[in-house]
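S.K.: turn this into a model:
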Amino acid sequence: MLTDTQIRSAKPSVRPRKLSDSGGLHLLVATTGGRYWRYSYRFLGKQKTLALGTYPDVSLTQVRDRHFNARQLLAKGIDPSAEKQNSGKTFETVAREWHAHWMGGGRHERHAHYVLKRLEADIFPEIGALPLSDIPTSAFRDAVRKIENRGALDIAKRVLQTCGQVMRYAMAHDFAKHNPVAGIKPADVLKPHKRRNYPRVEAGELPDLMHAIDTYVGSEHTRLALQLMALTFVRTSELIGARWSEIDIPGARWNIPAARMKMKTPHVVPLSNQSLGLLEQLRKISFDKDLVFRGDVNPKKPMSNNTLLFALYRMGYRGRMTGHGFRGVASTILHEQGWPHEHIELQLAHQERNETSAAYNHALYLKPRAEMMQAWADHIDAQRRVYEARLQAKAA
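M.R.: Residues are numbered from 1 along each chain as shown. The predicted model follows:
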C-alpha cells in the first residue's frame, strides 16, 4: 500500500506510470508531474476507470474513503462512474430534462413555455450551474425572494413550486439523494400577501343591482351579457369569449373548453331556464354565427371586458361591483342557502383538475349542480320581485 512519502517522492518519467495502492486504486503520475487518483474496476464485464481527484488536493486518506464508497456501490450492482455522473448533474440540466418529460404529459403548450421561461429568467442564473448535491435550501429561498422583491409574488410562488417538482424528478431518477425544497411552502419563505378582493355588492343590494341591469339603456348585447353573467357567474373572459358551438341548448349546458379556462380543464355550466331564455334572445339579435358576444370595434374579436365594467360604472356601481363580483355574491348566497361547498367550488371552476378527474366530477355532480343553478336563477328572479315590492311599499 502507498504512503505519503512514496507519493511525494514519485518523479515523472517519459511515460505515465501507475503507483498501485489496493483494490484497483492507484495514483497516475503524468509526464508533466501531475498526480491523479484513479480506480480501475470491471462492471458488467467491461473494464472501467473512475477518477477520484488529484493529489495533494485529495489526500491519501480521503481517496481511500472515496475508493471504499465506490466499492460499496459496485458491491450493490451500481456503476460508480454512472453514480458520479448523475450526482454531478446541474440543476439546469435536470430542470430541462424534467420540463421535456413534463411536457410529454400533454401540458398546454403556452403554459409550459412560460414555466420554462420563468426558470430561465429567475432560477438558472442563480443556481442553474450548481450540482444538485450542492444546492442548499437557502439558495432556493434567496432566488424566490429576489422575484418577490420586484413585486411578482405570484410568480415567486409558482417558481418555488416548480423547483420542488424538478427536485422530486431528480430524486425519482437517482440524480439527487434528497429534496431541499421538500416540505417548504411559499408562506415559509415569502411575505404574507392579502388576497385581492374584487368589489361586489352585499346580498341585500342585489335587488337594486338587478333592476339597474334590467333597465340599462345601453347596448342590448351588453345588458344581456350582464344578465347572463349574473345567472352563470363565470369569469368575464369566459363569458365574453363564448361561442355558439359551446352552447348545447337541448342538453341545457354550456361546455367551455379547457383552452379558455383558467385552470386549463373543461368546464360545464348547467343552464337554467332563465339562461336558456337569454340565449334565445341573443340568438335572435346575433350578428355572428361563431361569437355570442361580438365586439363593436373589431367584429372578429369578442366583446371587450371593459364593456361590462364601464356599463356597471354608468349604472352607478363604480368601485362597488365588477364582473368578477358576481362570483363572490353567488358563492356567499349559495353557501348561506346550504348548497354543498364542493358543488359551489366546482361551479366556480376553482378546483384544478386533470382531464380524468374533471370528467369524473362532471359526471358525478352535474345533476345536483343543474338543480343548484336553477335555484340560483329563481333566486335572482326573487330579487326582482323584492325590488318591485319595495317600490310598491314606497308608493303606498
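
S.K.: where does the stretch 101-250 of the chain have low pLDDT?
M.R.: For the stretch 101-250 of the chain, the stretches flagged by pLDDT under 70 are 105-110, 193-198.

S.K.: which elements pack onto the helix or strand hosting Asn69?
M.R.: Assigned by DSSP states H and E, Asn69 falls within helix 60-75. Applying 3 or more C-beta pairs under 8 Å, 6 or more residues apart in numbering; DSSP states H and E, one finds that helix 60-75 contacts strand 25-29, strand 35-43, strand 46-55, helix 80-87. Bear in mind the C-beta positions are built from the backbone N, C-alpha and C, glycine included.

S.K.: dump those into JSON lines; add mean pLDDT as well.
M.R.: Compiled in JSON lines, the helices and strands packed on helix 60-75 are given as follows (pLDDT from 0 to 100):
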{"stretch": "strand 25-29", "mean pLDDT": "90"}
{"stretch": "strand 35-43", "mean pLDDT": "90"}
{"stretch": "strand 46-55", "mean pLDDT": "85"}
{"stretch": "helix 80-87", "mean pLDDT": "66"}
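
S.K.: just so I know, which of these lies nearest Phe326?
M.R.: Among the helices and strands packed on helix 60-75, the nearest to Phe326 by C-beta to C-beta is helix 80-87 (52.8 Å).

S.K.: put the alpha carbons of the next helix-or-strand element following the closest one into CSV.
M.R.: With elements assigned by DSSP H and E, the helix or strand that comes after helix 80-87 is helix 91-103. The C-alpha trace of helix 91-103 is given here as CSV (Å, rounded to 0.1, in the frame of the first residue of the first chain):
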residue,chain,number,x,y,z
PHE,A,91,-29.9,22.0,-11.6
GLU,A,92,-30.4,23.5,-15.1
THR,A,93,-29.6,20.2,-16.8
VAL,A,94,-32.1,18.2,-14.7
ALA,A,95,-34.7,21.0,-14.9
ARG,A,96,-34.6,20.9,-18.7
GLU,A,97,-34.9,17.1,-18.6
TRP,A,98,-37.9,17.4,-16.2
HIS,A,99,-39.5,20.0,-18.5
ALA,A,100,-39.3,17.8,-21.5
HIS,A,101,-40.7,14.9,-19.5
TRP,A,102,-43.4,17.1,-18.0
MET,A,103,-44.3,18.4,-21.5
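
S.K.: buried ones in helix 91-103?
M.R.: 91-99, 102 (16 or more other C-beta atoms under 10 Å).

S.K.: cool, and stretch 119-128?
M.R.: 119, 122-124, 126-128.

S.K.: residues near Gly241, how many?
M.R.: Neighbour count of Gly241, defined by other C-beta atoms under 10 Å: 20.

S.K.: wait, it touches Pro302, no?
M.R.: Yes: between Gly241 and Pro302 a contact is recorded at 5.0 Å, counting by C-beta atoms under 8 Å.

S.K.: joint contacts of the two?
M.R.: Contact criterion C-beta atoms under 8 Å, 6 or more residues apart in numbering; residues shared by Gly241 and Pro302: Leu291.
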